[in-house]
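J.: Give me coordinates for this.
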Amino acid sequence: DLIGKDSITLIICYGMFHGGAIQVLAGMWEVYRGNIFGGCAFTSYGGFWMGFALFEILMVITELEPPSKDGKAVWLCVWGVFTGLMFIG
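T.: Next up, the predicted model:
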């Protein structure tokens, strides 16, 4: 494993709050300022990080079957395509 189980909680906390909630707030501020592109980017990536952190939390605290690596790869590829489109935009 790349990250040991003893340090995964730190990664999840930062993924949920710094990577997720703060970016969603930044996105809302951008929309308030009239920057729709910035608002879309920040809120989308904030949602991504909050969803990713929630996924990791659920895998630790529940007895759910983890998804296949192919499923996770497709999910990350979709976000890669979104990132590419945001780069072009």
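
J.: which residues are contacting stretch 48-57?
T.: Stretch 48-57 is touched from outside by I8, I11, I12, C13, G15, M16, G19, G20, A21, Q23, V24, W79, with contacts defined as Cβ atoms under 8 Å, 6 or more residues apart in numbering. No exception for glycine: its C-beta is placed from N, CA and C like everyone else's.

J.: What residues sit buried inside stretch 6-24?
T.: The neighbour-count check on stretch 6-24 (16 or more other Cβ atoms under 10 Å) flags I12, G15, M16, G19, G20, Q23, V24 as buried.

J.: is it true that the last one touches C40?
T.: Put plainly, it is V24. No. Look at V24 against C40 with Cβ atoms under 8 Å: they stay out of range, at 11.7 Å.

J.: which stretches of this protein aren't confidently modelled?
T.: For the chain, applying pLDDT under 70 flags the ranges 1-3, 5.
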